[in-house]
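Asker: no letters, just coordinates:
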């Protein structure tokens, strides 16, 4: 195995910034490829899957998958990011962001109950941190609350059927 080079960190950061530029231009496949290259470099140097830089890049990869319409792949990556972030035992606004993005994915998949759980988790952190009502995350929480309420009860029936099927087939 080759020894990691410290100059890989600034190179990885450049790849991340180029990925963000492609993401903002809706070139999600190119963004994801750049993020994945940066992730490989970061993993080589940092050698800690729970390092925040690695979690942030994996989060970016998950969101690129979702923007490409590949919600299952994005969800899988983001749920792993959430698990690793929780292992760090840090309850902060980044954890709120992860919950919001999971909520967004669950809304897209019409999984109302799972979306509600994510909003509830985000709100508990916001309340614990005593985040002011005018903070952008509090406003975002209200936006997601409205979206969840807009989902019909039939969405719950459809998602529970999907969950039943996926649990029997082993897929998520």
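Answerer: Thanks, I have it. From a predicted model like this one, the values you see are computed outputs, not experimental measurements.
Asker: how near is the most centrally placed residue in the chain to residue 60?
Answerer: For the chain, the residue nearest the mean C-alpha position is residue 78 (4.0 Å; C-alpha atoms, centre = their mean). Distance of residue 78 to residue 60, given as C-beta to C-beta, to the nearest Å: 10 Å. For the C-beta atoms, the positions are set from N, CA and C on the backbone; glycine is no exception.
Asker: and the helix or strand hosting residue 127, what's buried?
Answerer: Element membership of residue 127, judged by DSSP states H and E, is helix 112-128. For helix 112-128, burial by neighbour count (16 or more other C-beta atoms under 10 Å) applies to 112, 114-116, 118-119, 121-123, 125-126.
Asker: list the residues that contact the residue nearest to the centre of the chain.
Answerer: 59, 62-63, 98, 101-102, 105 (C-beta atoms under 8 Å, 6 or more residues apart in numbering).
Asker: let's go with 6 Å and repeat that
Answerer: Residues counted as contacts of residue 78 (C-beta atoms under 6 Å, 6 or more residues apart in numbering) are 62, 102.
Asker: helix or strand: which one has residue 45?
Answerer: helix 28-46.
Asker: so which bits of that helix are buried?
Answerer: 28, 30-39, 41-46.
Asker: and if you look at stretch 48-68?
Answerer: 51, 53-67.
Asker: quick one on the thing from earlier: how far away is the residue nearest to the centre of the chain from residue 133?
Answerer: 27 Å.
Asker: returning to what we had before: which residues does the helix or strand following the helix holding residue 45 contact?
Answerer: Where DSSP H and E defines the elements, the next helix or strand beyond helix 28-46 is helix 52-67. Residues from elsewhere that reach helix 52-67, judged by C-beta under 6 Å, 6+ apart: 28, 31-32, 35, 38-39, 42, 73-74, 77-78, 81, 84-85, 105.
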